[in-house]
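> below is the structure, and that's it, no one-letter string:
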């Protein structure tokens, strides 16, 4: 049996070379960017009004002549002379001949005459060319997680496709003669199978949505055949149950027969002690305990960081945050203890 930190060390030594693929922006969501992207344009690509108001060609008086208007999207540039103004709307392009924008609440209008309450300094309410990002500056770094904000930002720069790291293919193998699918009658001595949908949900929540499911009986040949198929068809295989040392636990023997190298078996943690991690060529097998709480604990502590590293994410198995205990807790064993917790500020 090894410590949790020793298990982390072994997993950390596994190197991954995730494949890259070019995808449309919408398809890139919840993936990791595989290239550093530079901005192909200045953003904004023109001097832009921050307000609904009037664009001014400044002079010393408070009176201006209104000679027209410019809306967001207008392409024509009107030339202003000192003392002239254009009605302008938020997001519209500011003519080069205008030095400032006065918001509509601070003026009085009579016909085509504009009266200011006070003098305006240059660049008031103006977003300068390239103030958000300049052409050829770094837009997003390689390794960035592509969430809605990142994708919207790239679309605003004109990107339609990007390169992302391809996620590993994942499967779940469920073992146990005692298991019955929910919705079916429950015979005496049987229990409803819940680990598959639990792990699948955890994978979905982490943005791994292409998951294959396999079911095996507590029989050596069947276990071996199904595991062989799962390993050949997927890059990461999660096995639920059958890894203990009972007479009908065949997973360990089947993996050994399939020449899966055991990286470690049994971790000094509670729950989740009977965890086995194996490797065959470039494939990984996580044989998880059958107990749902132990299985899910092993998933979050050992499996998920491995999936994320394989997907191109820079992440640590030892990431930590602090929580306050709601009550006293006494540890009655020497194993590392994993407890349920809630996010800070939530009940």
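Looks like it came in fine. It should be emphasised that the depicted structure is a prediction, and the values quoted were computed from it without experimental measurement. Numbering: from 1, shown residues only.
> am I right that residue 54 sits in a helix?
No - counting by DSSP: H, G, I helix; E, B strand; the rest coil, residue 54 is not part of a helix but strand.
> which of the three states applies to the residue lying closest to it once chain neighbours are set aside?
Leaving out its chain neighbours, the residue that sits closest to residue 54 by CB to CB, 6 or more residues apart in numbering is residue 85, at 4.5 Å. Where you see a C-beta, it was placed from the backbone N, CA and C, and this is true even at glycine. Per three-state DSSP, the secondary structure class of residue 85 is strand.
> what's the burial count for residue 85?
28 (other CB atoms under 10 Å).
> tell me if I'm right that it and residue 116 touch.
No - the criterion here is CB atoms under 8 Å, and residue 85 misses it with residue 116 at 9.3 Å.
> so what sits against both of these two?
residue 64 (CB atoms under 8 Å, 6 or more residues apart in numbering).
> in the stretch 51-200 of the chain, what residue spans correspond to strands?
In the stretch 51-200 of the chain, the strands defined using DSSP state E, counting those that start in this stretch lie at 53-56, 63-70, 84-88, 100-103, 107-110, 113-116, 126-127, 138-140, 161-165, 170-175, 179-180, 191-192.
> residue 315 is nearest to which of those?
Closest of these to residue 315 is strand 161-165, at 12.9 Å (criterion: CB to CB).
> now the closest one: average pLDDT?
Summarised as a single mean, pLDDT over strand 161-165 is 98.
> may I see the buried residues of it?
For strand 161-165, burial by neighbour count (16 or more other CB atoms under 10 Å) applies to 162, 163, 164, 165.
> same check, this time on stretch 298-309
Those buried within stretch 298-309 under the rule 16+ other CB under 10 Å are 298, 299, 301, 302, 303, 304, 305, 306, 307, 308, 309.
> got it, and stretch 133-147?
Buried-residue list, stretch 133-147, by 16+ other CB under 10 Å: 133, 139, 140, 144, 145, 146.
> measure it end to end?
19 Å (CA to CA, to the nearest Å).
> ok, back up a step: would you single out the least confident of the strands of the stretch 51-200 of the chain?
Among those, strand 179-180 scores lowest, with a mean of 89.
> what helices or strands is that strand leaning on?
Applying 3 or more CB pairs under 8 Å, 6 or more residues apart in numbering; DSSP states H and E, one finds that strand 179-180 contacts strand 191-192.
> return the most buried member of the strands of the stretch 51-200 of the chain.
Of all those, strand 53-56 carries the top mean neighbour count, a mean of 27, counting by mean count of other CB atoms under 10 Å.
> all helices of the protein, in order?
For the chain, the helices defined by DSSP state H occupy 4-12, 148-156, 195-205, 220-233, 251-257, 292-298, 304-310.
> buried set for the first one?
Read that as helix 4-12. 4, 7, 8, 11.
> mind putting those residues into CSV with pLDDT and distance to residue 69?
As requested, these are exported to CSV (pLDDT from 0 to 100; distance: CB to CB, whole Å):
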residue, pLDDT, distance to residue 69
4, 96, 67
7, 97, 67
8, 97, 64
11, 97, 63
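> ok, of the residues you listed, which one's closest to residue 31?
Among the buried residues of helix 4-12, residue 11 lies closest to residue 31 (CB to CB), at 21.9 Å.
> which ones are touching the closest one?
Residue 11 is in contact with 263, 277, 302, 305, 306, 317, counting by CB under 8 Å, 6+ apart.
> of these, which is the nearest to residue 70?
Of these, the one sitting nearest to residue 70 (CB to CB) turns out to be residue 305, at 52.8 Å.
> okay, the closest residue to that closest one other than its chain neighbours: pLDDT?
Leaving aside its sequence neighbours, residue 305 sits nearest to residue 317 (CB to CB, 6+ apart; 4.8 Å). pLDDT for residue 317: 89.
> so residue 317 touches residue 12, yeah?
Yes - with contact defined as CB under 8 Å, residue 317 and residue 12 form a contacting pair (6.4 Å).
> quick one, what contacts residue 91?
Per CB under 8 Å, 6+ apart, neighbours of residue 91: 48, 49, 72.
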